[in-house]
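>>> whatever this is, show me its structure:
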Amino acid sequence: MSLSRRRFLRGASGAALALPWLEKFSGGQAFAQAATMRPTRIIVVAYSMGFIHEEWVPSAAGSAFTLPRITAPLEPFRQHLLFVSNVDNKATQLNSQHAFGHPAKKESVLTGTLMRAAFQGDQSNVLANVIADRAGSEQGGPNNESVCNFIGRRIRGTRPSASIDLAVSGDNYDRHDVNSDFFFEGPVTPVKVQANPSRAFQQFFANVTGDQAALEAQRRARARKKSALDAVRDGFVELRSGLNPQDRTRLEDHANRVRQIELDMMRAACARPAGTYGTPSLTAPYLPFRNLSMRERAALMIPLLTNAMACDLAPVGRLEFIDQQSPNFGVASVDAAISSWRTAGTPNDWHGMVHGDASPVDGVRTRGMPNAGYLVDSYRFFVERFVDVLTGLRSISEGPDGRTALDNTMVVMVSDYGNGNGHSSNKMGFVLGGNLGGARTNHHFDGRGRDAGFYTSSSYSTNQVLNTIVRGFDLRVTPGGAPVGDFGLQGFAAGAGTLPVFS
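Predicted coordinates:
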């Protein structure tokens, strides 16, 4: 019935419009059983360059904590959140020569293993095949799939797509279909993340059968500044007339969100300064998106992500911020600092600031002032975008008894490092939100312990965080069989089991 629901609004134009959860098609049972205990989908938000430890980590373990400057925007959602701090990415310590810089650490954090180049023999993903610590390449991709892919393959069911994969760039180009640095479909196989909002909208909200006449009809409708809803208007009216009041409200709210997404995209694509790239043609297959800040691009991508997931189009949603060198944040303090470094003629801008390079402006090393306001603002930017995802999900009614899409979704935020002013993958931090499948919320799990020194090795591994995420979905090898084993590098004892966050 869920597939019929998604394909119900089909017009002569060849377009099909995604629909929200409706009792008409579910009998009120779509989420009534599974969502009360387990999430039905997962969203992962990933960004580069870690964080500032003392400005990210909650003040105390347990539930009696305050949030410092970077994570403070999450305060309104703390009842839905589990903060995990001070866990080490111990897999990368097995061969640091293959895991020094950014590439291998990004690849490891969600796959729980090393890059394939660090394996010998048949290169299968087992501890016995890991090469002794010696110099090697950091290229080639990890030796496992990402945890979200692992989960998605097991809970997809009849959903039409395996995943919703979106990206936010901070450069001046119109990019699309970018190889992910964090997400992998399998060993050395990166996920393609879509960085063009128009292409993403076309794929998930105005599916065209491929018929050229249908595509041309949609181009003409867009040129007249009409909505994708116009292509399915007759079906929309027919469906609306047969709904109960609650479903009618859900459908109208959904339609309003779809229209707003389209309006925002057209406004953003056409608002660039004259002469920069010219006015984009609304009759082109896809709208170009150039010279937008990450803030502007995220404002387009996040509603696409949250609404596509709430339409149950896929079990997995991904949002990756794909620039780490000199992104245009759309945050005045950060952009001004980046601009000052660039004007001084250095290639080390935001990346250099985070890592503590000496400023070309005044010679001051940001390593000596890690709490600089613009650095805090840059990291808080990603937390605020995570808040936008949570807010979007919470605004969408889904199922009976006042449930929202947030109640049915596990949402994870992750980066490649712990402290950004080094290349260390120790003292990592995660935020897990929404439906955690029984794990504690309004809780801070500190893997180091508050009395231990900062450089004390953690007793806990990021592999255990990944296992905790898997356990939240109660995955089993076979119906009624044993739970799925440890995720990540097989035979890696340091990552065995989950974090002790389940009652």
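>>> so what does the closest residue to residue 324 other than its chain neighbours look like in phi/psi?
Spatial nearest neighbour of residue 324, chain neighbours left out: residue 48 (3.8 Å); criterion: Cβ to Cβ, 6 or more residues apart in numbering. C-beta coordinates here come from the backbone N, C-alpha and C atoms, glycine included. With angles defined as degrees, to the nearest 10, residue 48 sits at phi -90, psi 160.
>>> quick one: contacts for residue 48?
For residue 48, the contacting residues are 102, 106, 181, 321, 324, 415, 416, by Cβ atoms under 8 Å, 6 or more residues apart in numbering.
>>> so which of those sit within strands?
181, 321, 415 (DSSP state E).
>>> hang on, the first one packs against residue 320?
Yes: between residue 181 and residue 320 there is a contact under Cβ atoms under 8 Å: 7.3 Å.
>>> correct me if wrong: residue 227 contacts residue 262.
Yes: using Cβ under 8 Å, residue 227 makes contact with residue 262 at a distance of 5.6 Å.
>>> okay, stretch 231-241 in CSV with CA atoms only?
Output in CSV follows, covering the C-alpha atoms of stretch 231-241 (Å, rounded to 0.1, in the frame of the first residue of the first chain):
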residue,chain,number,x,y,z
ALA,A,231,1.1,18.4,-13.1
VAL,A,232,-1.0,16.2,-10.8
ARG,A,233,-3.7,18.7,-9.9
ASP,A,234,-6.7,16.4,-10.8
GLY,A,235,-5.3,13.5,-8.8
PHE,A,236,-4.5,15.9,-5.9
VAL,A,237,-8.1,17.2,-5.8
GLU,A,238,-9.6,13.7,-6.0
LEU,A,239,-7.4,12.4,-3.2
ARG,A,240,-8.1,15.4,-1.0
SER,A,241,-11.8,15.0,-1.3
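>>> buried residues, it. List them.
Neighbour-count burial for stretch 231-241, counted by 16 or more other Cβ atoms under 10 Å, picks out 231, 232, 235, 236, 239.
>>> for stretch 334-344, same thing?
334, 335, 337, 338, 340, 341.
>>> quick check on the residue nearest to residue 382 when sequence neighbours are not counted: phi, psi?
Excluding the flanking residues, the one nearest residue 382 by Cβ to Cβ, 6+ apart is residue 47, at 4.6 Å. Main-chain dihedrals, residue 47, degrees, to the nearest 10: phi -150, psi 160.
>>> helix or strand for residue 301, which one?
Here residue 301, judged by DSSP states H and E, is contained in helix 294-310.
>>> for that helix, packing partners?
Contacts defined by 3 or more Cβ pairs under 8 Å, 6 or more residues apart in numbering; DSSP states H and E place helix 294-310 against strand 41-47, strand 163-168, helix 197-204, helix 245-270, strand 316-321, helix 373-394.
>>> any buried residues in the third one, and which?
By neighbour count, and taking 16+ other Cβ under 10 Å as the criterion, the buried residues in helix 197-204 are 197, 198, 199, 200, 201, 202, 203, 204.
>>> could the buried residues of stretch 231-241 go into JSON lines alongside secondary structure?
Putting these into JSON lines (DSSP: H, G, I helix; E, B strand; the rest coil) gives the following:
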{"residue": "231", "secondary structure": "helix"}
{"residue": "232", "secondary structure": "helix"}
{"residue": "235", "secondary structure": "helix"}
{"residue": "236", "secondary structure": "helix"}
{"residue": "239", "secondary structure": "helix"}
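>>> make TSV out of those and add pLDDT and distance to residue 188.
TSV is the format used below for the buried residues of stretch 231-241 (pLDDT from 0 to 100; distance: Cβ to Cβ, whole Å):
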residue	pLDDT	distance to residue 188
231	75	40
232	79	41
235	82	43
236	85	44
239	87	44
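>>> and the two most separated of the contacts of residue 48?
Greatest spacing in these, by Cβ to Cβ: 102 and 321 (13.1 Å).
>>> next, count neighbours for residue 123.
14 (other Cβ atoms under 10 Å).
>>> ok, it to residue 140 distance?
Plainly put, residue 123 is 10 Å away from residue 140 if you go by Cβ to Cβ, to the nearest Å.
>>> hang on, the earlier thing: give me the mean pLDDT for the helix holding residue 301.
In this model, helix 294-310 has a mean pLDDT of 95.
>>> who does residue 490 form a beta bridge with?
Counting by DSSP bridges, residue 490 forms beta bridges with residue 126.
>>> pLDDT wise, what is it at?
So, for residue 490, pLDDT stands at 87.
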